[in-house]
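Visitor: Sharing a model prediction with you, sequence too.
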Amino acid sequence: MAFPEVRMRRLRRTEAFRRLVRETTLTVDDLVMPLFVVPGHGVVKPVQSMPGVAQLSVDRAVEECRRIADLGIPAVILFGIPEYKDATGSSAWRDDGVVQQAIRAIKTACPGLAVITDVCLCEYTDHGHCGVIVGQDVDNDATLDLLAKEAVSHAQAGADMVAPSDMMDGRVAAIREALDAEGFEHIPILAYAAKFASAFYGPFREAAESAPRFGDRRSYQMDPANGNEALREVELDLEEGADIVMVKPATFYLDVLWRVKETFGCPVAAYQVSGEYAMIQLLVQNGAVDEKRAVLESLLAIRRAGADFVLTYFATKVAPWLTRFSW
Ligand code: PBG
């Protein structure tokens with residue numbers, strides 16, 4: 001059958017029909033809110049390139065987490081900006097580090113809110129790279145131990161899940177082994193598995209004060225041209241024990257998300273990164289798009305492509321527009 005018997009517009013005619021045949025949903029259950037934690041007290045320092053996002057001291061991060069939990073958002077992901085940086089990023093595994101303090105305070109104030117931590121060295125190294133520098137490049141194997149120490153330190157502070165974002169080979173296995181050895185075999189690993197060397201991390205590097213001082217991240221993050229390689233990265237991370245794999249950025253890599261979900265069927269996360277966020281915010285500020293529709297469309301597209309949940313700076317903004325699925 002075809003036109004005129006078939007008319008696709010029949011089911012688009014009313015909002016009730018559109019709701020009945022809608023294929024993809026977005027609920028608060030699908031959101032993770034990223035937070036940037038800085039030393040100090042009472043600090044709320046807006047990030048210039050990310051309108052609506054601020055660096056927060058631990059006390060303010062706790063307040064924000066109370067609001068996040070009240071909105072029904074299941075989880076936050078924490079990034080720490082330490083007081084001191086050095087060549088190996090040693091502040092990353094300090095028991096009194098800014099992220100470790102934040103984890104403890106948030107878990108005390110909001111026990112039901114899942115605290116995920118970003119495991120990487122770029123915020124902690126004075127050169128801004130995601131691992132130890134030997135010669136002109138990041139040394140893979142020397143970095144693994146340090147990442148494992150950082151992950152264990154987060155777990156000891158009470159983190160519910162760790163998320164390595166460094167893109168070193170073998171880091172999921174190294175972290176899994178270290179967590180298990182310390183009695184944290186129940187802590188899942190969310191691996192930034194297909195993480196591309198993207199221009200769209202620009203605003204984040206202001207927020208996390210983590211721009212590399214020399215060179216770029218192309219010797220460890222993926223070439224944006226490669227889709228097959230992304231599947232290989234995901235496969236390896238799953239073999240090493242990743243519980244959830246992430247594709248990052250999201251919007252320009254929807255094909256990768258789709259292929260990962262189709263191929264592995266495992267839990268898949270997507271990171272709508274700082275540049276994607278800023279892009280939409282600028283359109284909104286210029287009055288070029290309707291904010292609610294644009295933000296929801298962007299998140300729905302990421303879900304449609306295969307993401308089970310989305311790390312997004314819009315989480316607290318969209319949560320009040322959404323409902324929660326409950327049994
Ligand atoms: C740390 C890290 C980055 C992001 C998340 N973890 C930056 C980078 O790799 O340079 C980017 C997040 C964003 O842009 O919102 N390695």
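Guide: Everything's here; your move.
Visitor: contacts and neighbour counts: CA atoms only from here.
Guide: Noted.
Visitor: buried set for the helix-or-strand element of the chain with minimal mean pLDDT?
Guide: Taking mean pLDDT, DSSP states H and E as the measure, the chain has helix 202-207 as its least confident helix or strand, at a mean of 92. Using 16 or more other Cα atoms under 10 Å as the test for burial, helix 202-207 gives G202, P203, F204, R205, A207.
Visitor: Identify, from those residues, the entry nearest to the ligand.
Guide: Distances from the ligand to these, taken as Cα to the nearest ligand atom, are shortest for F204 (4.4 Å).
Visitor: Can you tell me how far that closest one is from D126?
Guide: According to Cα to Cα, to the nearest Å, F204 and D126 sit 17 Å apart.
Visitor: Which helix or strand lies directly C-terminal to the least confident helix or strand of the chain?
Guide: Per DSSP states H and E, the first helix or strand lying C-terminal to helix 202-207 is helix 228-240.
Visitor: Check which helices and strands the least confident helix or strand of the chain sits against.
Guide: helix 274-285 (3 or more Cα pairs under 8 Å, 6 or more residues apart in numbering; DSSP states H and E).
Visitor: Give me the residues contacting stretch 206-226.
Guide: 36, 47-49, 54-55, 79-81, 122-124, 127-129, 137, 166-168, 194-198, 204-205, 230 (Cα atoms under 8 Å, 6 or more residues apart in numbering).
Visitor: Which ones among those also lie next to the ligand?
Guide: C122, D166, F204 (Cα under 6 Å from any ligand atom).
Visitor: who in the stretch 151-300 of the chain is up against the ligand?
Guide: S165, D166, Y201, F204, V273, S274.
Visitor: what about 8 Å?
Guide: For the stretch 151-300 of the chain, the contact set with the ligand under Cα under 8 Å from any ligand atom comprises 165-166, 195, 197, 200-205, 210-211, 217, 221, 249, 271-275, 277.
Visitor: can you give me the mean pLDDT across stretch 111-123?
Guide: Stretch 111-123 shows a mean pLDDT of 98.
Visitor: May I have the least confident helix or strand of the chain as PDB, with CA atoms only?
Guide: Extracted C-alpha coordinates of helix 202-207, given in PDB (Å, rounded to 0.1, in the frame of the first residue of the first chain):
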ATOM      1  CA  GLY A 202      37.700  23.600  24.400                       C
ATOM      2  CA  PRO A 203      35.300  25.100  27.100                       C
ATOM      3  CA  PHE A 204      36.000  22.200  29.500                       C
ATOM      4  CA  ARG A 205      39.700  23.000  29.500                       C
ATOM      5  CA  GLU A 206      38.800  26.400  30.900                       C
ATOM      6  CA  ALA A 207      36.500  24.900  33.400                       C
END
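Visitor: So which residues of the stretch 101-250 of the chain form helices?
Guide: Using DSSP state H, counting those that start in this stretch, the helices found in the stretch 101-250 of the chain span residues 140-157, 171-181, 202-207, 228-240.
Visitor: Model confidence at the closest residue to L31 other than its chain neighbours, what's the number?
Guide: Nearest residue to L31, sequence neighbours excluded (Cα to Cα, 6 or more residues apart in numbering): V310, at 5.2 Å. We have a pLDDT of 98 for V310.
Visitor: what's around V310, how many residues?
Guide: When neighbours are counted by other Cα atoms under 10 Å, V310 registers 27.
Visitor: And the pLDDT at I244?
Guide: 99.
Visitor: Pretty sure it sits against A191.
Guide: Yes. With contact defined as Cα atoms under 8 Å, I244 counts as touching A191 (6.2 Å).
Visitor: These two: which has the busier surroundings?
Guide: Set I244 next to A191 and count neighbours by other Cα under 10 Å: A191 wins out with 29 against 20.
Visitor: Would you mind naming the residues that bridge with that one?
Guide: Beta bridges link A191 to V245, judged by DSSP bridges.
Visitor: quick one: E297 is in a strand?
Guide: No. Secondary structure of E297 (DSSP: H, G, I helix; E, B strand; the rest coil): helix, not part of a strand.
Visitor: I'd like the distance between it and the ligand.
Guide: 19 Å (Cα to the nearest ligand atom, to the nearest Å).
Visitor: Could you do A193 as well?
Guide: Distance from A193 to the ligand, by Cα to the nearest ligand atom: 12 Å.
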